[in-house]
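Asker: Following is a predicted model, sequence given first.
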Amino acid sequence: MTPLIEAEGLAVNFRAPGGFLGLGHHRLAILEDVSVSVRPGKTLGLVGESGSGKTTLARALLGLVSRARGEIRFEGRPVDSFRRLRRKTAMMFQDPIASLSPRLAIGSAITEPFLIHGVAMTSRRAAAEELLALVGLPKEFASRYPHELSGGQARRAGVARALALRPALVIADEPTAGLDVSIQGEILNLMTRLKAELSLSYIIVTHNLAMIRHVSDRIAIMYLGRIVEEGPTAEVFAGARHPYTASLIASEPIPDPRRRRQSLAITGEVPSILRRPSGCEFHTRCPHAQARCRSEAPSLTKSTGGRSVRCHFPLNERFPPKLSDFGDKETRQL
Amino acid sequence: MTALLSIRDLTIDYAGHVQAVRGANLDVHLGEAVGLVGESGSGKSTLASAITGLLPIGARILGGDIAFKNESVTSGRKQAQQILRGDEIAMVFQDPMTAFNPVLTIGDQLVDFQSRMPGKAREKYARAVAMLARVGIPDPALRANSYPHEMSGGMRQRAAIAAALLVNPSLLIADEPTTALDVTMEAQIIHLFRELRQDYGGGILIVTHHLGVVAELCDRVYVMYRGEVVEEGAVDDIFHEPRHPYTRALLACDPARLHERAGYLPVITDAERATFMQARPR
Ligand SMILES: Nc1ncnc2c1ncn2[C@@H]1O[C@H](COP(=O)(O)OP(=O)(O)OP(=O)(O)O)[C@@H](O)[C@H]1O
Ligand SMILES: Nc1ncnc2c1ncn2[C@@H]1O[C@H](COP(=O)(O)OP(=O)(O)O)[C@@H](O)[C@H]1O
Ligand code: SF4
Ligand SMILES: [Mg+2]
Ligand SMILES: [Mg+2]
């Protein structure tokens, strides 16, 4: 099946802070060699630490930041003007309350896309009420203001706005950040139900692994603006091939005091994009790094089972996998 | 054993609102890490701020008592504020940016935090740098010269923990200390707290809505629901033999506890919620 949206070899640069330490870089590579695709009706999870470029990728797919290289195809056709793509793609932004205008009542906010894209509606009020019903909010909410909503209600309003023009693709940036687990479940269940009812595809951007494991079909893991691993969600969780993926999974605290972790899966911080490490950019934190990793950058390589990994020494390619493949000195049972 | 902190029947309201905390009981002993969990709005932060005397304007303590080292801080001469300033209780917040003044270096602020401690400025600065090293900040001498915005969120939270520990408090309260952090930084902060427990003999109260953090760190747990402490117990009992239906429901809807991929995630229904308030654990 043709992917709904597909990006190949995407690169995005931003201007570097003026004359930084005399390094002489004028452009900072934020995204480098990023390829992703989403098939109709499927959900792609985009995972990575803060600053890894998830939001930038989402914005680049919509043409909201300009790309230095790479091609984007939508419904099989190369995109050059983003008008058609934007009309059929909706973005749910990271902070729902901040992204709703404080002076705009919810009814107006969720029907704004009709005005932006010049799409006719029978009446604004009817359109608002229909959208509110779709996301399970009472119609009285049309006259409320953003600050009068709880976190969960604001997310529902965000979903309503995203669905106003019946898009084919919804890009949701951290759709459940800051929510309690029960409310998070309600929002994700709403998104899952609407996905089936309205034949949607999703790109869900998050660093919440516990959540994305349940709601995505495939995941792509980002580190410093590159995809380091991509594959079917269940298989990536069952046996990560990139050491960074394995460390991320092992970093999630387990809600069971009988399975406390004794050591850290990953130490140190994400290096600054102003000082990208040589070779494999993960080598400064990788428990498996070898001499080659410091000098030679691995490329994203297709691996078995429809998976890709950017590592000279991938984990779990043997079968059956060895326990040591799942991060070192882990006491967790698998 | 007498408790370091002992809260009895504490009731707090915000003018014109429902009672944010109702009849809460909570103890923290020396050397113990206690978790306070519950969903957003359940009253965790209100309870924590009452301990430190930092209740927001409009909040009133309607009844009950908070005793610290056997002395009441809600009545009597020793006001909670004084205790906090007297460096007995230190607090770490969700957003470590709020702990620091944006226009002063971290090192200078860590010296200021020691204003009531003996010693020369140079000694205090050295102590600050040593504490930054203790909480795992690389290049601590260099970092002491940084401004808060020059640090990542994880590093700022470490610095905030350093600031709290510098005054050698007997009670450390951390309100959502990892909520604003990435999973890798969260794991590192959890690890740091665990390490610190080896040489810090005081009590720790961790307020969070993240069950994973509690499971990793705490000895005992209090569960709050709509202003009430609905269950208290040893961490193993809370996670493996929860008695209150809210505790069970809370555990059941944590996606991190589901082994199989779930198409639809479990949630707490309104019908279930209606039963929580009447229920009392056996
Ligand atoms: N307009 C900009 N100019 C310069 N640099 C930027 C700009 N926007 C983002 N960046 C940088 O690009 C990198 C990727 O940022 P991005 O917001 O895409 O990350 P993210 O993965 O979405 O992070 P988070 O999880 O914190 O939302 C970061 O290093 C960020 O500082
Ligand atoms: N400054 C305030 N003014 C009025 N009500 C408040 C204030 N702070 C909190 N509340 C209310 O008190 C209750 C408990 O809030 P809080 O202690 O912040 O809960 P938690 O920390 O568990 O999320 C909630 O109903 C909340 O809306
Ligand atoms: S290439 Fe080397 S440093 Fe990079 S992830 Fe693989 S093993 Fe680690
Ligand atoms: Mg982002
Ligand atoms: Mg709170």
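Answerer: The structure has been received and is ready for your questions. Remember, predicted model here, so these are calculated numbers, not experimental data. Ligands and ions are numbered 1, 2, ... in the order given.

Asker: List the buried residues for stretch A:94-109?
Answerer: Neighbour-count burial for stretch A:94-109, counted by 16 or more other Cβ atoms under 10 Å in any protein chain shown, picks out A:94, A:96, A:97, A:99, A:100, A:105, A:106, A:107, A:108, A:109. The way it works is simple: take the backbone N, C-alpha and C, and place the C-beta from them, glycine included.

Asker: Figure out how far that stretch is from the centre of its chain.
Answerer: Stretch A:94-109 sits 22 Å away from the centroid of its parent chain (Cα atoms, centre = their mean, to the nearest Å).

Asker: Which secondary structure elements does the strand or helix carrying residue A:126 sit against?
Answerer: If you go by DSSP states H and E, residue A:126 is part of helix A:124-134. Where contact means 3 or more Cβ pairs under 8 Å, 6 or more residues apart in numbering or on different chains; DSSP states H and E, helix A:124-134 is packed against helix A:106-116, helix A:151-163.

Asker: where does whatever residue of chain A ends up closest to chain B fall, phi/psi-wise?
Answerer: Chain B sits closest to residue A:253 of chain A, with a gap of 3.1 Å, by Cβ to the nearest Cβ. Phi and psi for residue A:253, reported as degrees, to the nearest 10, are phi -60, psi 140.

Asker: hang on, it packs against residue B:186?
Answerer: Yes. Counting by Cβ atoms under 8 Å, residue A:253 touches residue B:186, with 7.0 Å between them.

Asker: Overlap in contacts, those two.
Answerer: Shared contacts of residue A:253 and residue B:186, defined by Cβ atoms under 8 Å, 6 or more residues apart in numbering or on different chains, comprise residue B:213.

Asker: nearest residue to residue B:47 other than its sequence neighbours?
Answerer: Sequence neighbours aside, residue B:21 is the residue nearest to residue B:47 in space, at 5.1 Å (criterion: Cβ to Cβ, 6 or more residues apart in numbering or on different chains).

Asker: Tell me which residues touch the nearest residue to residue B:179 once chain neighbours are set aside, please.
Answerer: Spatially, and ignoring its direct neighbours in sequence, residue B:179 is nearest to residue B:94 (5.0 Å; Cβ to Cβ, 6+ apart). Contacts for residue B:94 (Cβ under 8 Å, 6+ apart) come out as B:175, B:176, B:177, B:179, B:180.

Asker: any idea how far residue B:94 is from residue A:5?
Answerer: 36 Å (Cβ to Cβ, to the nearest Å).

Asker: Read off the pLDDT value for residue B:253.
Answerer: pLDDT, residue B:253: 93.

Asker: For the stretch 201-334 of chain A, which residues are neighbours of ligand 1?
Answerer: Proximity of the stretch 201-334 of chain A to ligand 1 (Cβ under 6 Å from any ligand atom) is limited to residues A:207, A:273.

Asker: check contacts around whichever residue of the stretch 101-250 of chain B sits closest to ligand 1.
Answerer: Closest to ligand 1 within the stretch 101-250 of chain B is residue B:182: 7.3 Å, counting by Cβ to the nearest ligand atom. Going by Cβ under 8 Å, 6+ apart, residue B:182 touches A:49, A:50, A:207, B:153, B:154.

Asker: so which of these comes closest to ligand 3?
Answerer: The closest of the contacts of residue B:182 to ligand 3 turns out to be residue A:49 (Cβ to the nearest ligand atom; 14.8 Å).

Asker: And for that closest one, the neighbour number?
Answerer: For residue A:49, the count of nearby residues is 24 (other Cβ atoms under 10 Å in any protein chain shown).

Asker: For residue A:207, see how far away the closest residue to it other than its chain neighbours is.
Answerer: Closest residue in space to residue A:49, ignoring its immediate chain neighbours: residue B:182 at 4.6 Å, by Cβ to Cβ, 6+ apart. Applying Cβ to Cβ, the value for residue B:182 to residue A:207 is 5 Å.

Asker: Overlap in contacts, these two.
Answerer: With Cβ under 8 Å, 6+ apart, residue B:182 and residue A:207 have common neighbours A:49, A:50.

Asker: In the stretch 101-250 of chain B, where is pLDDT below threshold?
Answerer: Along the stretch 101-250 of chain B, no part satisfies pLDDT under 70.

Asker: Single out the residue in the stretch 101-250 of chain A that lies closest to ligand 2.
Answerer: Closest to ligand 2 within the stretch 101-250 of chain A is residue A:180: 9.0 Å, counting by Cβ to the nearest ligand atom.

Asker: So that residue sits against residue B:40, correct?
Answerer: Yes. Contact criterion Cβ under 8 Å: residue A:180 and residue B:40 qualify, at 5.3 Å.
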